[in-house]
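Visitor: Just to be clear, the model below is a prediction. Sequence and coordinates:
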Amino acid sequence: MEVSAATYPRVGLKSFPQTLPLADHEVVLTFDDGPLATTTPKVLAALAAECVRATFFVIGRSAAEFPNLVRQMAEAGHTVAHHSWSHPLMPRMGFQRARQDIDRGIAAVELAQNGTATETPSTPFFRFPYFASTSQTLELLQSRAIVVFGADLWASDWDRLSPAQELALVTQRLRRAGKGIILFHDSKARTAAMLPEFLRYLRRNGYRVVHVAAAGGVPQKLAPWQRRFWESGFWTSVCVRGVSWPPE
């Protein structure tokens, strides 16, 4: 699903009155606060095993520490989005400092992913830490045509849950909601541990994982022939046992 600020400037019913136009049994998988060397590779492996793509809202300082993991996300076809530089509670820091933290985070992720530190995001998606925005920061992102993501339901993986408890909680919430943007954290070991079973649950119960991307956007690191396959839609239609074709 291609998403732009022109049509969906702010999405996620936990924060906003509007969300993405998902059909029943459609979900968008999102992961915050990574990358982290001990957990993100496990999340990427689980997603690859089930042939699904997600959106990662990356913290800038973590991208600076683990740029190879940011590149792995992008090269696997996932959407790499933005989550500030230092994960602050922005309403407490003043608008100018909040803007600086947003821009520094975007630049760090762009440097890790594409080799150039720029405050113009190649994927104009942003999620506020703690979902804590202000009218000024919302207006700032809207003026820059950056989509602000909330969530429709979450796994509460910030709580002290076992992987089995997290799985039971998120599947219960999904059954009630029927669809939606789901929030996880690829920095949490419990989420990395439960994710393979959650993805199998989705497959067994007829859910469809929708991959969101910037309108008109394609993965950055594609050769011209690979780009033609992506734009045709064939790239995402062929995946056997976690291997997409054509190869990277």
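Guide: Done, it's in.
Visitor: ok, which stretches of this protein are strands?
Guide: Taking DSSP state E, the strands of the chain run over residues 2-3, 10-11, 26-32, 55-58, 79-82, 125-126, 147-149, 153-154, 180-185, 208-209, 213-214, 239-240, 243-244.
Visitor: mind listing the helices for this protein?
Guide: For the chain, the helices defined by DSSP state H cover 40-49, 60-65, 67-75, 95-114, 135-143, 163-177, 189-204, 224-232.
Visitor: For residue 152, find the nearest of those helices.
Guide: For residue 152, the closest of the helices of the chain is helix 163-177, at 6.2 Å, according to Cβ to Cβ. (C-beta placed from N, C-alpha, C; glycine too.)
Visitor: Can you give me the buried ones in that closest one?
Guide: In terms of neighbour count (16 or more other Cβ atoms under 10 Å), helix 163-177 has its buried residues at 163, 166, 167, 169, 170, 171, 173, 174.
Visitor: One more: stretch 177-191?
Guide: In stretch 177-191, counting by 16+ other Cβ under 10 Å, buried: 179, 180, 181, 182, 183, 184, 185, 186, 187, 188, 190, 191.
Visitor: so how far is residue 139 from the closest residue to residue 22 other than its chain neighbours?
Guide: Spatial nearest neighbour of residue 22, chain neighbours left out: residue 179 (4.6 Å); criterion: Cβ to Cβ, 6 or more residues apart in numbering. Distance check for residue 179 against residue 139: by Cβ to Cβ, to the nearest Å, it reads 29 Å.
Visitor: what does residue 99 give?
Guide: Per Cβ to Cβ, residue 99 is found 11 Å from residue 139.
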